[in-house]
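In: how does the following fold in three dimensions:
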Amino acid sequence: MINAAFDNRNLNEKIYYFLRNKIVNNELPPGTRIDYNEIANELGVSKTPVRDALQLLSQDGLVDVKSRSGTFVSQPNVKDIEEIYEVRKALERQAIKLSMANMPRPILQKIYQNVLEVDHDIDTGNFNSFFQSDRNLHKTLITYSKNSRLIKMMESLEAQINWIGVMIAHSQERPRQANNEHKEILNALLQSDVLLAQNLMEEHIETIKQMTLKDFR
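Out: Numbering: from 1, shown residues only. Alright, predicted model coming up:
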């Protein structure tokens, strides 16, 4: 039953996150037809909250609700990837500007120290700490923007970014390059050069976009 697996979020949200995780982790691959009755039976709920959750997933771009043929996991294309990363660039650029007015310097220093430590793990072929560090850096900047609408938009976008990432190949050079770019961004922030940090973040995300497009194609 669904209540045993989740916290006190309302039922729609519980089902939304349950299905979102399945899609993002590719347990429900692109093109999969979603059966309302099957999900309702699996979770021990009625079809109404399932339908509401799928509407939210549709707004995130993770499912397609087709009135005549049913509901399917979306199949992203090149245009989707281009749009997602262009929006991400704009949001994260603004997040840097806003977060620097709110983020305590010790938090910034702690993130930088973590990024330096990740270099050793990359050298030994352990990339898990890099992925954690990567998520922490970007999420911290977004959180300290203290702009609820920006945070909400990034939450929706993050699901699509992670989802696409699961579906494509990753070269071993990516973590090293990305971690070096993280150090440059953080160095600029520690020197209070917000404009430079914004420009470096844009370049960083553009590089990720181009690599993602290359793999996706």
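
In: leaving out chain neighbours, which residue sits closest to Asp134?
Out: Leaving aside its sequence neighbours, Asp134 sits nearest to Ala178 (C-beta to C-beta, 6 or more residues apart in numbering; 6.5 Å). Quick note: C-beta positions are derived from backbone N, CA and C, even for glycine.

In: what mean pLDDT does the helix or strand containing the one you found get?
Out: Here Ala178 sits within helix 173-190, counting by DSSP states H and E. Average pLDDT, helix 173-190: 93.

In: stretch 45-65 too?
Out: Mean predicted lDDT for stretch 45-65 stands at 91.

In: chain center to it, what's the gap?
Out: 19 Å (C-alpha atoms, centre = their mean, to the nearest Å).

In: again with stretch 130-149
Out: Relative to the centre of its chain, stretch 130-149 is centred 10 Å away, using C-alpha atoms, centre = their mean.

In: which residues touch it?
Out: Contact with stretch 130-149 is made by 91-92, 94-96, 98-99, 102-103, 107, 111, 114-115, 118, 121-122, 150-151, 154, 175, 178-179, 182, 185-186, as judged by C-beta atoms under 8 Å, 6 or more residues apart in numbering.

In: can you say which of these are buried?
Out: Among the contacts of stretch 130-149, the ones that count as buried by 16 or more other C-beta atoms under 10 Å are 91-92, 95-96, 98-99, 103, 111, 114-115, 118, 121-122, 150-151, 154, 175, 178-179, 182, 185-186.
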